[in-house]
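Enquirer: Take a look and give me a structure for this.
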Amino acid sequence: MEYPAQYETQCSLDDGTRIYMRPIKADDIGHMAKMFEKFSPESIYFRFFSAMRAMPIDKLKEFCDIDYENQMAVVAYVIEDGDESLLGVARYVVTPEEGGAEISVIVADAWQKRTIGTRLLQHLARVAKDRGIDNFHGLIMSHNRKALGMLRNSGFEHQESAAGYDTRHIEFNLSDVDLPTDVESKDSGTS
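Expert: Numbers count the residues shown, from 1 in each chain. Predicted coordinates:
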C-alpha cells in the first residue's frame with residue numbers, strides 16, 4: 001500500500017513545543033536506531049518484555065517497513081538542526097483471530113510525562129477508526145505505571161484483566177469514544 005500522507009499532522013504540547021506525527025517510513029531505520037539508544041533499560045523492558053542492549057537491524061527494518069494495511073505505526077518527532085528526531089512511536093497490528101488490533105506505544109525517556117504517548121495513541125486510534133478497526137487490545141506489565149496512567153488519561157474507557165505473570169490484558173472499543181481534535185494538518189502553515 002502507498003504511504004498514507006493524509007495521516008501527517010502536528011500539534012503543540014502544553015509547554016508550546018511543536019511536535020509532528022506521521023506514519024512511519026521504511027527509511028526511518030536510522031531515526032529508530034537513534035531513538036532506541038536513548039531508551040532506558042526499564043523502557044526497553046516494559047515495551048519489549050525483555051532486556052536488550054541494541055535493536056538488531058532486521059528488527060528495525062521489520063518495525064519500519066510496514067504495509068500500512070495490516071500494520072500501522074505513527075511516529076512523533078521534533079525538528080532539531082534541520083533533521084527529524086523521533087520522540088516515540090505507537091503501532092498496531094491487525095489480529096483477525098482476536099478481532100481489532102494489538103497496540104504498543106513507547107516514548108523516549110526524556111520526553112515522557114509530556115502527553116506524547118497519549119497523543120500518539122489518540123492519533124493511532126483516529127487512523128484505525130478511519131480504516132474500520134473498532135477495538136484495540138494489548139499487554140502491559142502490571143508495574144508499568146506510566147503506561148497504565150497514559151491509558152487512563154487518554155480518554156478511552158478500557159477493561160483490564162490479569163493475563164499471566166505480572167501482565168495485564170487491556171482492551172478498549174474505538175467506536176464509543178470522541179477523540180480530541182487539537183491536532184492540525186501538517187500543511188496548515190501554523191508554527
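
Enquirer: got the residue ranges for the helices in the protein?
Expert: 29-37, 41-48, 57-64, 116-130, 145-153 (DSSP state H).

Enquirer: just these: most buried one?
Expert: Most buried of those by mean neighbour count (mean count of other C-beta atoms under 10 Å) is helix 116-130; its value is a mean of 22. No exception for glycine: its C-beta is placed from N, CA and C like everyone else's.

Enquirer: ok, and what's touching it?
Expert: With C-beta atoms under 8 Å, 6 or more residues apart in numbering as the test, helix 116-130 has contacts from 4, 7, 9, 11, 13, 19, 21, 23, 72, 74, 76, 87-92, 101, 103, 105-107, 136, 146-147, 150-151, 153-156, 174-175, 177, 179-180, 183.

Enquirer: just to revisit the earlier point, in JSON lines, list the helices of the chain along with distance to G82.
Expert: Shown next, in JSON lines, are the helices of the chain (distance: least, C-beta to C-beta, whole Å):
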{"stretch": "helix 29-37", "distance to G82": "14"}
{"stretch": "helix 41-48", "distance to G82": "27"}
{"stretch": "helix 57-64", "distance to G82": "21"}
{"stretch": "helix 116-130", "distance to G82": "21"}
{"stretch": "helix 145-153", "distance to G82": "30"}
